[in-house]
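Here's my sequence, what's the structure:
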Amino acid sequence: MSTIEFNEALVGIQSNLFSFALNFTKNREDARDLTQETLLKAINYRTYYTPNTNFKAWVFTIMRNIFINQYRRNTKTRMIFDHSEDSYLFTNQKSVEGSPMERLGVKEINQKIEALNDELKTPFKMHFEGFKYKEIADTMKLPIGTIKSRIFIARKRLMDQLPDYQFSEN
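Numbering: from 1, shown residues only. Presented below is the predicted three-dimensional model:
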């Protein structure tokens, strides 16, 4: 598929993409942003499209993945932006800090994370903050396999050093 054909196909499904985005976001502005980001990512990764396959499904999958990644990132930060005139920024946490035992646990975990060497700590913290492996690899200028390995090793070391805590699979 040539670049012109690819771009024409994208323009041809743009209104369908917007409708699909609107179902996800329930907000016209966010749907426009999601559609635009999807078009940009499709153009950037056009070489990954396999000719004579379902182009529309390929682009819709890109949109769905972008939305899911954004949702995960937003839930990790747990920030709420109030669009009122005064524009306040809230965190979705209790105003009273946790119990002393919870604070000690968080402090102990943070100390163990900070004690990791930088080659493990940096990718681990970035992954924990919601960055994708590819984004971490690009930032650190390392292969994606190296990033995955370092995050795995960091998790393993933390689990070994913090046996009193229960860890979920994710």
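
going forward, measure contacts between C-alpha atoms and count neighbours the same way
OK.

Strands of this protein, start to end?
79-81, 89-91 (DSSP state E).

What's the separation between S149 and N23?
When distance is defined by Cα to Cα, to the nearest Å, S149 is 37 Å away from N23.

The residue nearest to Y133 when sequence neighbours are not counted: how many residues sit nearby?
Using Cα to Cα, 6 or more residues apart in numbering and skipping the chain neighbours, the partner closest in space to Y133 is I144 (6.3 Å). For I144, the neighbour count with other Cα atoms under 10 Å is 17.

now swap in the one 5 residues further on and tell me
Counted with other Cα under 10 Å, the burial measure for S149 works out to 13 neighbours.

and if you look at K134?
K134: 16 surrounding residues under other Cα under 10 Å.

Which residues outside the longest helix seen in the chain are in contact with it?
Secondary structure of the chain per DSSP state H: the longest helix is helix 55-77. The contact list for helix 55-77 (Cα atoms under 8 Å, 6 or more residues apart in numbering) reads 13, 17, 21, 24, 34-35, 38-39, 41-42, 49, 129-131.

tell me how far it is from the chain's mean position?
Remark: helix 55-77 is offset 9 Å from the chain centroid, using Cα atoms, centre = their mean, to the nearest Å.

mind listing what's buried in it?
F55, V59, F60, I62, M63, R64, I66, F67, R73 (16 or more other Cα atoms under 10 Å).

and what of stretch 40-54?
In terms of neighbour count (16+ other Cα under 10 Å), stretch 40-54 has its buried residues at A42, I43, Y49.

got the contact list for the first one?
Under the criterion of Cα under 8 Å, 6+ apart, the contact list for A42 reads V59, I62.

picking up where we left off before, any idea which of the strands of the chain has the lowest pLDDT on average?
Among those, strand 89-91 carries the lowest mean pLDDT, at a mean of 49.

Could you chop this protein up by domain?
Listed by automatic domain parsing, the domain ranges of the chain are 3-91, 100-161.

Which of those domains has the lowest mean pLDDT?
Among these, domain 3-91 carries the lowest mean pLDDT (a mean of 82).

now that domain: how far from the chain's centre is it?
Distance, centroid of domain 3-91 to centroid of chain: 13 Å (Cα atoms, centre = their mean).

From R32, how far out is the most centrally placed residue in the chain?
When Cα atoms, centre = their mean is applied to the chain, the residue found nearest the centroid is N69 (3.8 Å). Going from N69 to R32 by Cα to Cα gives 17 Å.

likewise K132?
Counting by Cα to Cα, the gap from K132 to R32 is 23 Å.

ok, now Y45?
Applying Cα to Cα to Y45 and R32 gives a distance of 20 Å.
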